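Asker: Quick one: sequence and predicted model below, then my questions.
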Amino acid sequence: MYENMIQCPICGKKVSMRAITCPKCGHPLYIKEESEVEEKDISEYNWLITFVLVVFLGGIGIHRFYVGKTGTGILMLITLGGLGIWTLIDLIMIALGVFTDSKGKKIKLKL
């Protein structure tokens with residue numbers, strides 16, 4: 001039922017993804033397209049360094065320490081990258097440019 005729904009950031013009401021405004025509070029519900037991501041939404045961390053770290057030292061979570069995610073870095077260190085599964089997921093996320101730093105900003109390849 002909620003598969004095509006988003007939550008209004010103001011009142012919390014579940015609203016259709018096609019809605020332009022929230023029917024409860026009237027807040028605009030504009031969703032940014034990928035091409036509209038602003039420069040401020042992109043992390044200052046280097047994508048290539050993050051990618052190389054996950055490839056060679058991902059099993060011990062060094063890439064997470066690099067981007068400021070110390071808590072999950074420690075968990076990866078203790079679990080050896082979730083026995084490799086967590087490392088593989090991070091590798092894919094970094095390669096696709098959807099991996100985020102500790103501030104929630106995406107680490108993307110800058111051309």
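Answerer: Arrived safely, thanks for sending. Here the structure is a predicted model, which means the values were calculated and not measured.
Asker: Can you classify the closest residue to K13 other than its chain neighbours as helix, strand or coil?
Answerer: In this structure, K13 finds its nearest non-sequential neighbour in K24, 4.4 Å apart by CB to CB, 6 or more residues apart in numbering. No exception for glycine: its C-beta is placed from N, CA and C like everyone else's. With DSSP: H, G, I helix; E, B strand; the rest coil as the basis, K24 sits in coil.
Asker: okay, and for the chain, where does confidence drop off?
Answerer: Within the chain, the ranges that satisfy pLDDT under 70 run 1-3, 30-39.
Asker: and with 50 instead?
Answerer: Counting by pLDDT under 50, the ranges of the chain that qualify are 1.
Asker: quick check: domain ranges of it?
Answerer: Per the record, the chain has its domains at 1-31, 37-111, by automatic domain parsing.
Asker: follow-up on the earlier one: quick one, what contacts the residue nearest to K13?
Answerer: By CB atoms under 8 Å, 6 or more residues apart in numbering, the contact set of K24 is C8, C11, K13.
Asker: Dump the longest helix along the chain to CSV, restricted to CA.
Answerer: Counting by DSSP state H, the longest helix found in the chain is helix 70-83. Taking C-alpha atoms only, helix 70-83 is exported to CSV below (Å, rounded to 0.1, in the frame of the first residue of the first chain):
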residue,chain,number,x,y,z
THR,A,70,34.0,5.6,13.1
GLY,A,71,31.2,3.6,14.8
THR,A,72,30.4,1.4,11.8
GLY,A,73,34.2,1.3,11.0
ILE,A,74,34.7,-0.4,14.4
LEU,A,75,31.9,-2.8,13.8
MET,A,76,33.4,-3.7,10.4
LEU,A,77,36.8,-4.2,12.0
ILE,A,78,35.3,-6.6,14.7
THR,A,79,33.2,-8.6,12.2
LEU,A,80,35.8,-8.5,9.3
GLY,A,81,33.4,-6.5,7.1
GLY,A,82,30.4,-8.6,8.0
LEU,A,83,32.4,-11.6,6.7
